[in-house]
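A.B. asks: No letters, just coordinates:
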């Protein structure tokens, strides 16, 4: 057996050992509390969200061991996409933002996996503690921003929009990218912005928008970039 085959066998053995350890661990659990079962299922990986756990548990009549086994079988047969955050290119990054102000966050993301991102992939808030505290009415659909299909090793610029809370202080949001079926993958994207009455971020973003608009008017022959699904148009943000 050559070194490559030996390494592949070692990796497979390691993966099988991990799966077997989880199955052994969960085989002794006898709880019937569904929320507890979902919590235990999610412990098998950081990218296993609530919906995924519920799906596999419900499919196996809430048998935790069987659900975990089905999940590992599914993952083995279906290579999952991957994402890496290359850079936060938000205009005005590092500046403060005034309360109750529209914010446009922008990131450069890379498909660092082996499969293309499927059509219908989207970015959404993973944690919205500040928004919940302020009771700002936001629907699930309002927080989904679709991105185009991206081939392996290619990059894409993704922008999302939200509104700062009405109180001053640190405003943190955590974003994830999801498959069309709602399974998260890749790195979490953490945004931290200080909300302050003397914030200048909104002015900086508006000024950048005006500069971009002026440049486009001065160069009418330039081909405009193709619009991408869910990429926010500045007119939508600033009116």
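C.D. replies: Here it is on my side, so go on. Bear in mind that the values here come from a model prediction, so they are computed numbers and not experimental data.

A.B. asks: ok, which stretches of this protein are helices?
C.D. replies: Per DSSP state H, the chain carries helices over the ranges 3-27, 34-42, 50-59, 64-77, 129-134, 201-218, 234-238.

A.B. asks: helices or strands up against the second one?
C.D. replies: In other words, helix 34-42. On a contact count with 3 or more CB pairs under 8 Å, 6 or more residues apart in numbering; DSSP states H and E, helix 34-42 meets helix 50-59, helix 64-77. Every residue, glycine included, has its C-beta placed from N, CA and C.

A.B. asks: Can you give me the buried ones in the last one?
C.D. replies: In other words, helix 64-77. Using 16 or more other CB atoms under 10 Å as the test for burial, helix 64-77 gives 64, 65, 66, 67, 68, 69, 70, 71, 72.

A.B. asks: burial measure for residue 198, as a count.
C.D. replies: Burial of residue 198 is recorded as 7 neighbouring residues (other CB atoms under 10 Å).

A.B. asks: And for residue 38?
C.D. replies: Residues near residue 38, counting by other CB under 10 Å: 22.

A.B. asks: do residue 169 as well
C.D. replies: 11.

A.B. asks: Would you mind measuring from it to residue 69?
C.D. replies: Residue 169 sits 45 Å away from residue 69 when distances are taken as CB to CB, to the nearest Å.

A.B. asks: Residue 186 now?
C.D. replies: Residue 186 is 25 Å from residue 69, where distance means CB to CB.

A.B. asks: picking up where we left off before, closest to residue 173 among the buried residues of helix 64-77?
C.D. replies: Closest approach to residue 173 among these (CB to CB): residue 71, at 28.3 Å.

A.B. asks: That closest one reaches residue 44, doesn't it?
C.D. replies: Yes: judged on CB atoms under 8 Å, residue 71 makes contact with residue 44 at a distance of 7.1 Å.

A.B. asks: residues contacting residue 115?
C.D. replies: Shown in contact with residue 115 (CB atoms under 8 Å, 6 or more residues apart in numbering): 79, 80, 81, 152.

A.B. asks: mean confidence for whichever strand in the chain runs longest?
C.D. replies: Criterion DSSP state E: the longest strand present in the chain is strand 184-195. The average pLDDT within strand 184-195 is 92.

A.B. asks: Which ChimeraX command selects the buried ones in the contacts of residue 115?
C.D. replies: Restricted to buried positions by 16+ other CB under 10 Å, the ChimeraX selection for these reads:
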select :81
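
A.B. asks: export the contacts of residue 115 to a markdown table and tack on pLDDT and distance to residue 195?
C.D. replies: Formatted as a markdown table, these follow (pLDDT from 0 to 100; distance: CB to CB, whole Å):
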| residue | pLDDT | distance to residue 195 |
| --- | --- | --- |
| 79 | 72 | 41 |
| 80 | 78 | 36 |
| 81 | 89 | 34 |
| 152 | 93 | 38 |
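
A.B. asks: where in the protein is pLDDT low?
C.D. replies: 1-31, 46, 76-78, 127-142, 213-239 (pLDDT under 70).

A.B. asks: Sounds good, over and out.
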